[in-house]
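Colleague: next comes the sequence, and after it the predicted model I'd like to discuss.
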Amino acid sequence: MRTYAIGDIHGYLGELKRAHELVAQDRADTGDSSAPVIHIGDLCDRGPDTRGVIDFLLAGIKAAEPWVVLKGNHDRMMARFLEWPKRHDENLRSDLHWLHSRLGGSDALASYGVDITADADTIHREARDKVPDAHQAFLDSLPTSYRVGDLFFCHAGIRPGVPLDQQTEDDLCWIRDEFLTSRVDHGPLIVHGHTPVEVVEHHGNRVNIDTGAGYGRPLVPVVIEGRDVWALTEAGRVKVVPE
């Protein structure tokens, strides 16, 4: 069974399109037009075109592309900001908010034409008016995990020792240290993002595919067959060797 996956996008539409071109190249090489493409979440924030990213994904889904889009913590923060009244994600430090420059919410809203120099309440009202209902509904409805064969996809990771069907949305979107330091066999191979790395990393029990697009680095899509992982590049496949 073959599966493709794309890491944290963070509003970089050009990188998302380039990643899909690399997937298309591998599809042509293998003759496989039906293998799913899993987008691991964090569609929005930091980059210049969150709106374009969501439009691109919605268009692909409408065209019946075999795409799966998961919810990341940034997607959840954006969805909660757009609620009435807006909600603060309880997993975010109390001294931070989604519009903080570290998180990039202002960049996301700017792509919709929201005046991000206004006060927070005005920004909220304008955002609810300018972000299309279809985008808000899409963010609200994103699933937090996807399982196929011996693979389990989620944004941040899982809580070790908890059955996969009992994982919480908080952990699937936000967990970090307890998951990243665990060498436990989780059963399926966990494919995740959330924690930026320089290159795709295979740790035997998990694969991290967040290569830091949110910080200006290239998206590196992967193809997985069984538990074997390859990074997709312009020159073709590059095997990701388990550490």
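Modeller: Thanks, I have the structure now.
Colleague: name the nearest residue to the residue nearest to the spatial centre of the chain, sequence neighbours excluded.
Modeller: Nearest residue to the geometric centre of the chain (Cα atoms, centre = their mean): G41, 1.7 Å. Residue nearest to G41 in three dimensions, not counting chain neighbours: G72, with 2.8 Å by Cβ to Cβ, 6 or more residues apart in numbering. (C-beta placed from N, C-alpha, C; glycine too.)
Colleague: list of residues touching stretch 221-238?
Modeller: 1-7, 19-20, 22-23, 25-26, 29, 35, 149-151, 189, 191, 199-200, 202, 207, 209, 220, 239-240 (Cβ atoms under 8 Å, 6 or more residues apart in numbering).
Colleague: what does stretch 113-129 give?
Modeller: F81, L82, W84, K86, H97, L99, S106, L109, A110, Y112, K130, V131.
Colleague: give me that answer again for 10 Å
Modeller: With Cβ atoms under 10 Å, 6 or more residues apart in numbering as the test, stretch 113-129 has contacts from 51, 78, 81-86, 97-99, 105-110, 112, 130-131, 136.
Colleague: drop anything exposed from those.
Modeller: For the contacts of stretch 113-129, a burial check counting by 16 or more other Cβ atoms under 10 Å picks out 51, 78, 81-82, 86, 97-99, 105-110, 112, 131, 136.
Colleague: out of these, which are inside helices?
Modeller: Members of those lying in helices (criterion: DSSP state H): R51, M78, F81, G105, S106, D107, A108, L109, A110, Q136.
Colleague: how far does stretch 107-116 stretch from one end to the other?
Modeller: End-to-end distance for stretch 107-116: 8 Å, by Cα to Cα, to the nearest Å.
Colleague: for G60, which non-adjacent residue is closest in space?
Modeller: Nearest non-adjacent residue to G60, counting by Cβ to Cβ, 6+ apart: W67, 5.2 Å away.
Colleague: got phi/psi on the one you found?
Modeller: Phi and psi for W67, reported as degrees, to the nearest 10, are phi -110, psi 140.
Colleague: show me the contacts for the residue nearest to G41.
Modeller: G72 neighbours (Cβ under 10 Å, 6+ apart): 7-10, 39-45, 78, 142, 144, 154-156, 172-174, 192-194, 210.
Colleague: then G214?
Modeller: Going by Cβ under 10 Å, 6+ apart, G214 touches 7-12, 42, 44-47, 74, 103-104, 107, 193, 196.
Colleague: look at it and give its secondary structure.
Modeller: Three-state assignment for G214 (DSSP: H, G, I helix; E, B strand; the rest coil): helix.
Colleague: ok, now the one 3 residues further on?
Modeller: Judged by three-state DSSP, the three-state class of R217 is coil.
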